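Student: here is a sequence with its predicted model. Questions after.
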Amino acid sequence: MHGDEPGANDATEFIGDARAADAAGVLEPGMQLGPYLIRSVLGEGGMGRVYLAEQLRPVHREVALKLIREQVASPLARAYFDVERQALAQMQHPAIAQVFDAGTTEQGYPYLAMEVVEGVPVTRFCREQQLGRDARLALFARVCHGVQHAHQKGIIHRDLKPANVLVRRVDGTPMPKIIDFGIAIGGSAGSEG
């Protein structure tokens, strides 16, 4: 989409009560960020909040919309964010949650629209499913392949822990999804929440 086409800047516009978004980069159910209609809060961490949202256009689907708490203020920070979001969007691996879109709100808060991932943390999955050593190693190998794919794209997770590796069975096989790859605002390598 080109800058002069209708809707080209939709992803940077809040529709609804903009005061709530201005205050701390917070969205409420029913608010809209570009093509994303906020449904509920999925979680919150040190770097921001993750919302369940409905993408209304150009395709209709549920997404996990992560709004980063820290604003992108300087041109250098903006350039770094643009490079990192491009790298995140290029990762395509079955063990990594897919990033569909990324942008910055009018207030300067970066956001990512990602695949909604169902599953439980890897340690809980192994415990509840009573996986033996071989099954745990096979699952760990799948996670390692995902991490290797990210490294080949120049992305380091920054907060790889059991809570950020969700697992569910697909056709009877435990399949991991690595979530919550962070974006370092201004080049800092802070922990992701």
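Tutor: Received, thanks. Here the structure is a predicted model, which means the values were calculated and not measured.
Student: please name the bridge partners of Lys177.
Tutor: When bridges are taken as DSSP bridges, the partners of Lys177 come out as Leu166.
Student: so it touches Val116, yeah?
Tutor: No. With contact taken as CB atoms under 8 Å, Lys177 and Val116 are classed as non-touching, separated by 10.2 Å. To be clear about C-beta, it is placed using only N, CA and C from the backbone, and glycine gets the same treatment.
Student: looking at the two, which is more packed in?
Tutor: Higher neighbour count among Lys177 and Val116: Lys177, with 23 against 15, using other CB atoms under 10 Å.
Student: which ones are touching the more buried one?
Tutor: Residues touching Lys177, when contacts are defined by CB atoms under 8 Å, 6 or more residues apart in numbering, comprise Ala95, Ile96, Ala97, Glu115, Val117, Gly119, Val165, Leu166, Val167, Arg168.
Student: ok, the closest residue in space to the fifth one that isn't next to it in sequence to Gln130 distance?
Tutor: Taking CB to CB, 6 or more residues apart in numbering as the measure, Val117 lies nearest to Lys177, with 4.6 Å between them; neighbours along the chain are not counted. According to CB to CB, to the nearest Å, Lys177 and Gln130 sit 21 Å apart.
Student: what's the answer for Arg49, then?
Tutor: Counting by CB to CB, the gap from Arg49 to Gln130 is 34 Å.
Student: what about the two, which has more around it?
Tutor: For Arg49 and Gln130, the more surrounded residue by other CB under 10 Å is Arg49, and the numbers stand at 20 against 7.
Student: state the pLDDT value of that one.
Tutor: In this prediction, Arg49 carries a pLDDT score of 90.
Student: what is the biggest helix by length in the chain packed up against?
Tutor: Among the elements of type helix in the chain, defined by DSSP state H, the one spanning the most residues is helix 133-152. Using 3 or more CB pairs under 8 Å, 6 or more residues apart in numbering; DSSP states H and E as the contact criterion, the elements in contact with helix 133-152 are helix 122-128, strand 173-178.
Student: again, only using 10 Å
Tutor: Under the contact criterion of 3 or more CB pairs under 10 Å, 6 or more residues apart in numbering; DSSP states H and E, helix 133-152 touches helix 122-128, strand 165-170, strand 173-178.
Student: just put the ones you listed in CSV and tack on distance to Leu42.
Tutor: As requested, these are exported to CSV (distance: least, CB to CB, whole Å):
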stretch, distance to Leu42
helix 122-128, 17
strand 165-170, 12
strand 173-178, 14
